[in-house]
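**Q** predicted structure and sequence below. I'll ask about it afterward.
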Amino acid sequence: MKPSTISYTDGAKAGLANATLQKSLKKIQNGFGKKAMRHWQTMTDSDLRPRAKARRMQTLEHLDIVLAELAEKIREHGGHVYFAATAEDAVRYTLQVAERNKVNKVVKGKSMTSAEIGIDPALQNAGIEVVETDLGEYIIQLAEDAPSHIIAPCIHMDRFQIGKLFTDKLGHEYSDDPPTLTRMARKSLREKLLSADMGITGCNIACAETGQISLVSNEGNIRMSTTMPRVHVALMGMERIAATFDEHRELLQLLITGATVQKLSTYVSFVGGPRHEGDPDGPEEFHLIVIDNGRSKILADPEFREVLACIRCGACLNICPVYGRIGGHAYNSHYCGPIGAVVTPLLNGINDHADLCKGETLCGACKDVCPVENDLPRMLSALRHKLAYGDKYWQVKPYNRIEAAGFKGWRKAISSRKAYNMLLKVGRFLQKGRIAENGMISSMPGPAGKWTRDRDLKPLATETFTERWRKHHSSRKMEEKS
């Protein structure tokens, strides 16, 4: 499903009003978020994160060479590699593979990249059945909803809602018992997996040195999706690659810890080609689609290149105070939370997604918890700067010229003592009659009214600190003279 088209503000209000979502967000932030923070602070290898970040940036510097090495080795293993410049290219190639192999049913592992390029509706329009095999994604698909978290797609739903959904969609007798619900989903999904012609997955991290991609899960669905169908198509954002196996090992360790604070996921699969003679299982064809879709533009900009080091663990969502209140649907993107607030504008238009970077607090928690120490607050600030003043490279128009003019006027006012004092006098005059009995301003006119709509505002003091200081010292001097 596509993300909703409601505004960021309306989406945030809906998230705040969803009691089930609020309970789940609190649980995930008090659990995964705080545990990840404690883990980074107490880990024995304190150099792991900065070392991994340095390697990620070095790999990105030589991305063309590393990707060429990966493609060469996968082809040596009998696999196919296609470099897709756009989402449309990736979709077209996938459809061609499906048509050539007479595919009627596709099973999928959880993949944000597949959602980014819109592969599901494209396959369905071609008359191909598409089934999500990750339990959370399967629930979302049945509900015709959109994911609200990178790792836990259906945290906005509880077991009672899921029980009713399974009754309505799968025809099972109602139950709200989690193990029973899991067995229902397993039975349905096993039937799909056994009859599927093609499996589609994402790629957690590829390794150029070995010519393989790795896939991480705790359910086993990805391993079945990659070995049981005749054809396996893997969708990979071009930045999701490590140059060496040593780099890959460290990134895998950080990914799993950042996502669920585990030492190792239940299943880690390495795939690099079709099955060979003597292999007990595996696909007859393996296709890796390396997707650009705007990433080269990010790579070419030193200001934002760092965001490509992200390993999509979701740790920043688990600690962000904004996401922790409004949930993922408000972001109107396949990528939500702090990482989504940076990636979505860069991939899909900064002006079109201005609310995302403007809605974050810049508290820095996302940087502290990030396994590769990505400075998301810096990049969020950079996006805000482009929205304020425009940018030719990113084709950004000033978002609000009146607001920009206001801040320019404020900058000039606070640069002049006389102008600042005059501004204070005007402000004190204008606030008269708006101060309530509790000593606070509860309503403001015009755009300022948005601030006082949900909170009170402390009025300007009758005297500034400087004025009080001068008055105090002038009276002391007069006393000394007398």
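**A** That came in fine, so what should we check first? Numbers count the residues shown, from 1 in each chain.
**Q** mind listing what the closest residue to residue 62 other than its chain neighbours touches?
**A** Distances taken as CB to CB, 6 or more residues apart in numbering put residue 243 closest to residue 62, at 7.3 Å, once the chain neighbours are dropped. Glycine gets a C-beta too; all of them are placed from N, C-alpha and C. Taking CB atoms under 8 Å, 6 or more residues apart in numbering as the criterion, residue 243 is in contact with 55, 58-59, 62, 66, 69, 208-209.
**Q** and residue 31, by the same measure?
**A** Listed by CB under 8 Å, 6+ apart, the contact set of residue 31 reads residue 318.
**Q** leaving out chain neighbours, which residue sits closest to residue 389?
**A** Spatial nearest neighbour of residue 389, chain neighbours left out: residue 398 (6.2 Å); criterion: CB to CB, 6+ apart.
**Q** quick one: that neighbour from residue 174, how far?
**A** Counting by CB to CB, to the nearest Å, the separation of residue 398 from residue 174 is 54 Å.
**Q** which one's more surrounded, these two?
**A** residue 398 (16 against 11; other CB atoms under 10 Å).
**Q** on that earlier part again, show the model's pLDDT score for the residue nearest to residue 389.
**A** Note on residue 398: pLDDT of 90.
**Q** that one and residue 386 touch, don't they?
**A** No - checked against CB atoms under 8 Å, the pair residue 398 and residue 386 is beyond contact range at 9.1 Å.
**Q** so where does residue 253 fall, helix or strand?
**A** For residue 253, the enclosing helix or strand under DSSP states H and E is helix 245-260.
**Q** tell me which other helices or strands that helix touches.
**A** Where contact means 3 or more CB pairs under 8 Å, 6 or more residues apart in numbering; DSSP states H and E, helix 245-260 is packed against helix 34-42, helix 48-61, strand 205-207, strand 212-217.
**Q** least reliable of the ones you listed going by mean pLDDT?
**A** Going by mean pLDDT, the lowest-scoring of the helices and strands packed on helix 245-260 is helix 34-42, which has a mean of 92.
**Q** hey, C-alpha coordinates of that helix in CSV?
**A** The C-alpha trace of helix 34-42 is given here as CSV (Å, rounded to 0.1, in the frame of the first residue of the first chain):
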residue,chain,number,x,y,z
LYS,A,34,16.8,2.7,25.7
LYS,A,35,18.4,-0.7,25.5
ALA,A,36,20.3,0.3,22.4
MET,A,37,21.5,3.5,24.1
ARG,A,38,22.8,1.5,27.1
HIS,A,39,24.5,-1.0,24.8
TRP,A,40,26.5,1.6,22.9
GLN,A,41,27.6,3.1,26.2
THR,A,42,28.8,-0.2,27.7
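**Q** buried set for that helix?
**A** By 16 or more other CB atoms under 10 Å, the buried positions in helix 34-42 come out as 36-37, 40.
**Q** stretch 460-478 now?
**A** For stretch 460-478, using 16+ other CB under 10 Å, the buried residues are residue 460.
**Q** distance between that stretch and the chain's centre?
**A** On the basis of CA atoms, centre = their mean, to the nearest Å, stretch 460-478 sits 51 Å off its chain's mean C-alpha point.
**Q** mean confidence score for that stretch?
**A** Averaging pLDDT along stretch 460-478 gives 81.
**Q** name the residues that touch that stretch?
**A** By CB under 8 Å, 6+ apart, the surrounding residues in contact with stretch 460-478 are 424, 427-428, 431.
**Q** which one of those residues sits in the busiest neighbourhood?
**A** Neighbour counts for the contacts of stretch 460-478 peak at residue 424, which has 16 neighbours (criterion: other CB under 10 Å).
**Q** for that one, what are its contacts?
**A** Residue 424 touches 460, 464, counting by CB under 8 Å, 6+ apart.
**Q** how close does it get to residue 132?
**A** Distance of residue 424 to residue 132, computed by CB to CB: 59 Å.
**Q** could you report the separation of residue 161 from residue 183?
**A** 18 Å.
**Q** please enumerate the strands of the stretch 1-150 of the chain.
**A** Under the criterion DSSP state E, counting those that start in this stretch, the stretch 1-150 of the chain contains strands at 80-84, 105-108, 129-132.
**Q** so which of those strands gets nearest residue 366?
**A** strand 129-132 (27.6 Å; CB to CB).
**Q** strands paired with the closest one, and their directions?
**A** Using DSSP bridges, strand 129-132 pairs in its sheet with strand 105-108 (parallel).
**Q** residues contacting the partner strand, please?
**A** Contact with strand 105-108 is made by 98, 114, 120, 123, 128-134, 137, 189, 192-193, 195-201, 224-225, 228-229, as judged by CB under 8 Å, 6+ apart.
**Q** in which helix or strand would I find residue 224?
**A** Using DSSP H and E, residue 224 falls in helix 221-227.
**Q** that helix: what's the following helix or strand?
**A** Moving toward the C-terminus from helix 221-227, the next helix or strand (DSSP H and E) is strand 231-237.
**Q** how distant is the helix or strand following that following strand from the center of its chain?
**A** Sequence order places strand 241-242 as the next helix or strand after strand 231-237, per DSSP H and E. Here strand 241-242 is found 19 Å from its chain centre; the criterion is CA atoms, centre = their mean.
**Q** who's in contact with stretch 41-57?
**A** By CB under 8 Å, 6+ apart, the residues outside stretch 41-57 that reach it are 40, 242-243, 247, 250-251, 253-254, 305-306, 309, 371-374.
**Q** so residue 337 sits against residue 150, correct?
**A** Yes - counting by CB under 8 Å, residue 337 touches residue 150, with 7.2 Å between them.
**Q** need the residues touching each of the two.
**A** 314, 317.
**Q** now residue 304, nearest residue through space, not along the chain?
**A** Using CB to CB, 6+ apart, the nearest residue to residue 304 is residue 298, at 5.2 Å.
**Q** doesn't residue 344 make contact with the one you found?
**A** No - using CB under 8 Å, residue 298 makes no contact with residue 344, being 11.8 Å away.
**Q** if we can go back for a sec, what about the residue nearest to residue 389, which SS state?
**A** With DSSP: H, G, I helix; E, B strand; the rest coil as the basis, the three-state label of residue 398 is coil.
**Q** same thing with residue 288?
**A** For residue 288, the assignment made with three-state DSSP gives strand.
**Q** how close does it get to residue 329?
**A** For residue 288 relative to residue 329 (CB to CB), the value is 31 Å.
**Q** higher neighbour count, these two?
**A** Taking neighbours as other CB under 10 Å, residue 288 and residue 329 compare with residue 288 leading, 26 against 22.
**Q** hmm, that one is touching residue 211, no?
**A** No - distance between residue 288 and residue 211: 9.8 Å, which falls outside the contact criterion (CB under 8 Å).
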